[in-house]
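S.K.: Have a look; sequence and predicted model below, questions after that.
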Amino acid sequence: MRPEVETAYGARLTPSPSRGKGRGGGEAVVSVRLDAWLTSASLRLAATLDLPREEARLEARVLAAHALGVNRAWLVTHGHDLLTPAQAEAVEACIGRRLTGEPVAYILGRREFYGLEFSVTPDVLIPRPETETLVEAALERLPAMAPCQVLDLGTGSGVIALTLAVHRPQARVVAVDRSGPALEVARRNARTLGLERVHFVQADWYPDGSVKNFDMIVSNPPYVADADPHLARGDLRFEPRGALAAGPDGLDAIRAIVAGAPAHLRPGGWLLLEHGYDQAPACHALMRDAGLRSLFMLEDLGGRPRVTGGCLPAAAEGGDP
């Protein structure tokens with residue numbers, strides 16, 4: 001039986017019969033069983049990132065499957081396999097990136113949202129479950145089988161615009177972002193989903209000469225205050241700051257969107273905004289002052305205020321604020 005070697009992170013590695021020069025010139029090539037590596041990786045993730053044990057175990061498996069180009073069921077059936085040096089290097093590279101705090105979505109290059117898979121890069125925000133509340137509110141107010149026009153402001157990876165286009169095939173969707181690299185990600189996602197009919201525009205909120213009679217404007221804009229300490233923590237450290245922060249109170253982008261909405265909505269059209277948990281009263285007041293009516297607020301799955309919306313009434317209509 002070959003002797004075992006204790007590594008610095010606690011896995012039991014067995015020297016490979018195929019010897020080779022390590023990066024420092026020594027014979028450092030070793031092999032490790034896949035299940036031992038998964039156990040070690042989950043322990044390191046839990047300790048370094050302060051993750052719950054189950055979450056750390058799941059992340060280790062997701063990263064290993066990505067690095068090896070297999071699914072997670074394969075990991076279970078091949079747990080006793082020895083990793084080759086190339087495989088060990090690949091899985092260690094992934095876990096090393098995650099141990100620095102880099103989000104799993106950026107390492108994988110993808111994230112699921114509303115049952116669809118989207119490409120993501122550090123040029124765009126990582127789609128989050130909270131935004132599904134905005135999508136559901138939009139779908140409830142868009143006709144299922146009739147033409148309509150939708151404007152998505154600050155589209156990022158395009159998850160809102162493209163999800164609405166999938167579920168409302170007769171909708172004409174225009175997606176706007178000021179970031180060229182973000183729009184490239186969104187266009188790539190549109191091609192993958194076969195949604196070439198979605199029109200992408202580079203602009204700072206409302207593009208010049210844009211259609212003025214949208215049935216709906218939706219947006220998940222930047223809404224974090226510039227000095228919010230959360231911007232220096234967790235995943236937010238790696239995400240584009242311009243897509244997160246919006247002035248001293250986090251409302252600069254929301255003010256601009258609400259102010260321009262009446263000129264771009266048709267009578268009876270809706271404005272729906274995602275916002276911070278404590279910004280619903282401010283959003284309500286901004287929409288009311290802009291002349292929107294039938295105002296509402298929705299909570300996300302965590303019970304936090306997340307979406308505020310309002311309707312532009314016909315010129316002769318009144319309506320309750």
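M.R.: Looks like it came in fine.

S.K.: Grab the CA positions of stretch 150-167 and hand them over as CSV.
M.R.: What follows is stretch 150-167, C-alpha atoms only, in CSV (Å, rounded to 0.1, in the frame of the first residue of the first chain):
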residue,chain,number,x,y,z
VAL,A,150,-42.5,46.8,-23.0
LEU,A,151,-39.5,48.9,-22.0
ASP,A,152,-36.9,47.4,-19.7
LEU,A,153,-34.5,50.0,-18.2
GLY,A,154,-31.1,49.0,-16.9
THR,A,155,-31.4,45.5,-18.5
GLY,A,156,-28.0,44.2,-17.5
SER,A,157,-27.9,40.5,-18.5
GLY,A,158,-31.4,40.9,-19.9
VAL,A,159,-33.1,38.5,-17.5
ILE,A,160,-36.3,40.7,-17.1
ALA,A,161,-36.7,41.6,-20.8
LEU,A,162,-36.0,38.1,-22.1
THR,A,163,-38.1,36.3,-19.5
LEU,A,164,-41.1,38.6,-20.4
ALA,A,165,-40.4,38.0,-24.1
VAL,A,166,-40.5,34.2,-23.5
HIS,A,167,-43.8,34.3,-21.7
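
S.K.: That stretch - what's its average pLDDT?
M.R.: Taken as a whole, stretch 150-167 carries a mean pLDDT of 98.

S.K.: now do stretch 87-101
M.R.: In this model, stretch 87-101 carries a mean pLDDT of 95.

S.K.: what separates it from the chain centre, distance-wise?
M.R.: Offset of stretch 87-101 from its chain centre (CA atoms, centre = their mean, to the nearest Å): 21 Å.

S.K.: Spit out the contact partners of the nearest residue to residue 250 once chain neighbours are set aside.
M.R.: Using CB to CB, 6 or more residues apart in numbering and skipping residues adjacent in sequence, the residue nearest residue 250 is residue 225, 4.2 Å away. (C-beta placed from N, C-alpha, C; glycine too.) Taking CB atoms under 8 Å, 6 or more residues apart in numbering, we find residue 225 in contact with 245, 246, 247, 248, 249, 250.

S.K.: Let me know how buried the second one is, in neighbour terms.
M.R.: Spelled out, it's residue 246. Residues lying near residue 246 (other CB atoms under 10 Å) number 21.

S.K.: State the distance from it to residue 224.
M.R.: According to CB to CB, to the nearest Å, residue 246 and residue 224 sit 7 Å apart.

S.K.: Tell me if I am right that residue 309 is in a helix.
M.R.: No: applying DSSP: H, G, I helix; E, B strand; the rest coil, one finds residue 309 to be strand, outside a helix.

S.K.: Which residue is the nearest non-sequential neighbour of it?
M.R.: Per CB to CB, 6+ apart, closest to residue 309 is residue 272, 4.1 Å.
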